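*Asks:* One predicted model, sequence on top.
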Amino acid sequence: MTRQELFEQIKIKQSFLCVGLDTDLNKIPSHLQKEADPIFEFNKQIIDQTADFAVAYKPNIAFYEALGPKGWESLQKTLDYIPKNIFSIADAKRGDIGNTSGLYAKAFFETMDFDSITVAPYMGIDSVSPFLSYENKWVILLALTSNEGSLDFQFSELKIGKPVYQEVLEKSSKWGNPDNMMYVVGATRGEKIGEVRKIVPEHFFLVPGVGAQGGSLEDVAKYGMNSRCGLLVNSSRGIIYAGKGADFGTEARKEAKKLQQEMEVLLNQYCF
């Protein structure tokens, strides 16, 4: 999917919502356990109920690979079920060098055909460039994350007088461009989103941390939005586990619609 196609979906749906499919076998409704593939059945109903409001879906790969071969099957079936006009993100956080990185790229871009993948920048350009060699595929680089441990390294000041996350942004923006690279920028670092936007004004941000982690959607839009929106705000638990019974799909729909309505107001305030 191209940047223009993604922006068109944002305009059509008046939404920049990404639904995280962090599907835990221990948390899905018990009535699904009798299904041949309970993970896929859960995801299928979530997608059916939220596709009107979502411009992206983001399966967290750990929830699938932890289940072994069956988990990978569930993941592929889920990916195949996502409508083609909705952006797909493999939240895999890969990052290795040389032909290993090339094989990760082949796995997620050719074998599985995701639109994008999250990548860790720690090992530098040769761990990222194999992903950037694919046309109309995206690298979503970890830049400024929302977890507590981000303080361990990302804010450490380098001898050149800037924190690590800023150096990552400045250097990596020369590896790719706004048409093939996005950045993970956590919503819980609201005061920093504006600083990140100044460094990479045209790139899309994938923003976790809104909702269950306490990030403010208003702050994300105020400081992070650009003329083409430039945001994909992820909600996982707040949507997919909104309901615990047979009506879990309808409850997920209500939460997704609520977020979309808030996003519509913000898009018209800051972007359109």
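*Replies:* Good, I have the coordinates. Every value quoted in this text rests on a predicted model; they were computed, and no experiment measured them. Numbering: from 1, shown residues only.

*Asks:* For this protein, give me the ranges with low pLDDT.
*Replies:* Counting by pLDDT under 70, the chain shows low-confidence ranges at 145-160, 189-190, 211-214.

*Asks:* again, 80 this time
*Replies:* The model of the chain has pLDDT under 80 over residues 145-162, 187-191, 209-215.

*Asks:* How far off centre is stretch 137-146?
*Replies:* In terms of C-alpha atoms, centre = their mean, to the nearest Å, the centre of stretch 137-146 is set 8 Å apart from its chain centre.

*Asks:* Equivalent analysis for stretch 194-210, please.
*Replies:* 13 Å.

*Asks:* What residues sit buried inside it?
*Replies:* Going by neighbour count (16 or more other C-beta atoms under 10 Å), the buried part of stretch 194-210 is 195-197, 199-200, 203-210. Glycine gets a C-beta too; all of them are placed from N, C-alpha and C.

*Asks:* Tell me how many other residues surround residue 32.
*Replies:* The number of residues packed around residue 32, counting by other C-beta atoms under 10 Å, is 17.

*Asks:* thinking it is in contact with residue 41, fair?
*Replies:* Yes. Applying C-beta atoms under 8 Å as the test, residue 32 and residue 41 come out as touching, 5.4 Å apart.

*Asks:* overlap in contacts of the two?
*Replies:* Counting by C-beta atoms under 8 Å, 6 or more residues apart in numbering, no residue touches both residue 32 and residue 41.

*Asks:* I'd assumed residue 82 was in contact with residue 44.
*Replies:* No. Applying C-beta under 8 Å, one finds residue 44 not in contact with residue 82, separated by 10.0 Å.

*Asks:* of the two, who's got more company?
*Replies:* Counting neighbours by other C-beta under 10 Å for residue 44 and for residue 82 shows that residue 82 has the greater number, 21 against 16.

*Asks:* just checking, the more buried one touches residue 55?
*Replies:* No. Residue 82 sits out of contact with residue 55 when judged by C-beta under 8 Å, with a separation of 11.3 Å.

*Asks:* if we can go back for a sec, the buried residues of stretch 194-210: which two are farthest apart?
*Replies:* Maximum pairwise distance among the buried residues of stretch 194-210 (C-beta to C-beta): 21.4 Å, between 199 and 210.

*Asks:* Contacts for the longest helix belonging to the chain, please.
*Replies:* Scanning the chain for the longest helix, with DSSP state H as the assignment, gives helix 248-270. Under the criterion C-beta under 8 Å, 6+ apart, residues 10, 13-17, 19, 28-29, 42, 45-46, 48-50, 52-54, 217-218, 221-222, 225, 229, 233, 235, 238-243 lie in contact with helix 248-270.

*Asks:* mind listing what's buried in it?
*Replies:* Applying a neighbour-count criterion of 16+ other C-beta under 10 Å, one finds 248-249, 251-257, 259-260, 262-264, 266-267, 270 buried in helix 248-270.

*Asks:* helix/strand/coil for residue 12?
*Replies:* For residue 12, the secondary structure call by DSSP: H, G, I helix; E, B strand; the rest coil comes out as helix.

*Asks:* how close does it sit to residue 6?
*Replies:* Note on residue 12: its distance to residue 6, by C-beta to C-beta, to the nearest Å, is 11 Å.
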